[in-house]
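Participant: Quick one: sequence plus predicted model below, questions after.
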Amino acid sequence: MSRRVDDEAAFTAERARMVERDLRKRGIHDERVLRAMGRVPRHRFVSPSLAASAYADVPLPTVEGQTISQPYIVALMTQALVLSGGEKVLEVGTGSGYQAAVLAESGADAWSIERSPALLSAASARLASLGYPGIHLVLGDGTLGLAEEAPFDRILATGSLPRVPSGLTSQLRPAGIFVGPIGGLFDQRLVRIEYDPPHSKEETLCACRFVPLVGAAGWPETATHCPKEKR
């Protein structure tokens, strides 16, 4: 199916169908998240050649071996943060900037850290062009968090980690929430941790597959990509 990237009316209709078909009917119930997913133009975060598939519930390749997560997973992760508006949220792994835009549309004070200068530059230009100048973008090793801006109310990892870095959770406020994929290179658990030491609570949301987060508290540079997510 071909689609002009400037055919905004058609994309708006497809986005509305995606929200109802792939999110609400699959159990996403947070209206704040549903509204955000209905507003962020996912087709602007993929290459023009993939724009026609932007509202299918599948991950899509971007650049540098990265992917843009499938809409359901983005919504599930955002819902798990339990945002009411105004929370300071750190996203680990900016990528295309799509998740950061969803966080901003959900009312978060969004901070996002990315290790690739090229990805960060492209995401910054994209987000600015779409009217998201309030998102704070930082170049650095996201697996170490962003201590100079801590504490955060929420932390969201958008790539896989072999374990939950204590350096990240220590940057949460008491009763803060961490969400991210934890496990091996090719299969992980999407976990949600309510950080309230010494009685923090962890739950598994689903099985998943994300590209690895490379960094000092993540995977080494030699880690092999797994280019597709799954649920």
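Facilitator: Now that the structure is in, tell me what you want to look at. Residues are numbered from 1 along each chain as shown.
Participant: So residue 136 sits against residue 108, correct?
Facilitator: No - counting by C-beta atoms under 8 Å, residue 136 sits too far from residue 108 to count as a contact (10.8 Å). For the C-beta atoms, the positions are set from N, CA and C on the backbone; glycine is no exception.
Participant: Now do the phi/psi pair for the residue lying closest to residue 67 once chain neighbours are set aside.
Facilitator: Nearest residue to residue 67, sequence neighbours excluded (C-beta to C-beta, 6 or more residues apart in numbering): residue 59, at 4.4 Å. Here is the backbone geometry of residue 59 (degrees, to the nearest 10): phi -70, psi 150.
Participant: gap between the spatially most central residue of the chain and residue 67?
Facilitator: Residue closest to the mean C-alpha point of the chain, counted by C-alpha atoms, centre = their mean, is residue 99 at 3.8 Å. Distance of residue 99 to residue 67, given as C-beta to C-beta, to the nearest Å: 11 Å.
Participant: do the same with residue 12
Facilitator: Counting by C-beta to C-beta, the gap from residue 12 to residue 67 is 24 Å.
Participant: The helix or strand hosting the residue nearest to the centre of the chain packs against which elements?
Facilitator: Using DSSP states H and E, residue 99 sits within helix 98-105. When contacts are defined as 3 or more C-beta pairs under 8 Å, 6 or more residues apart in numbering; DSSP states H and E, helix 98-105 packs onto helix 31-39, helix 71-80, strand 88-92, strand 109-114, helix 117-129.
Participant: Now that helix - C-alpha only, PDB.
Facilitator: Output of helix 98-105 as PDB, limited to C-alpha atoms (Å, rounded to 0.1, in the frame of the first residue of the first chain):
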ATOM      1  CA  TYR A  98       8.900   8.500  19.300                       C
ATOM      2  CA  GLN A  99       8.700   7.300  22.900                       C
ATOM      3  CA  ALA A 100       9.800  10.700  24.100                       C
ATOM      4  CA  ALA A 101       7.000  12.300  22.200                       C
ATOM      5  CA  VAL A 102       4.500   9.900  23.700                       C
ATOM      6  CA  LEU A 103       5.800  10.700  27.200                       C
ATOM      7  CA  ALA A 104       5.500  14.500  26.500                       C
ATOM      8  CA  GLU A 105       2.000  14.100  25.200                       C
END
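Participant: The closest residue to residue 58 other than its chain neighbours and residue 124: what is the separation?
Facilitator: Setting aside the residues directly before and after it, residue 58 is nearest to residue 70 in space (C-beta to C-beta, 6+ apart), at 5.3 Å. Using C-beta to C-beta, residue 70 is found at 24 Å from residue 124.
Participant: per-residue pLDDT, residue 6?
Facilitator: For residue 6, the model assigns a pLDDT of 65.
Participant: and residue 206, which of the three is it?
Facilitator: Here residue 206 is recorded as strand under DSSP: H, G, I helix; E, B strand; the rest coil.
Participant: so it touches residue 72, yeah?
Facilitator: No - between residue 206 and residue 72 there is no contact under C-beta under 8 Å: 9.6 Å.
Participant: who has more neighbours, those two?
Facilitator: With neighbours defined as other C-beta atoms under 10 Å, residue 206 and residue 72 compare such that residue 72 has more, 20 against 14.
Participant: give me every residue that touches that one.
Facilitator: 22-23, 26, 28, 57, 231 (C-beta atoms under 8 Å, 6 or more residues apart in numbering).
Participant: mind running it again at 6 Å?
Facilitator: 22, 26, 57 (C-beta atoms under 6 Å, 6 or more residues apart in numbering).
Participant: Appreciated, that's everything.
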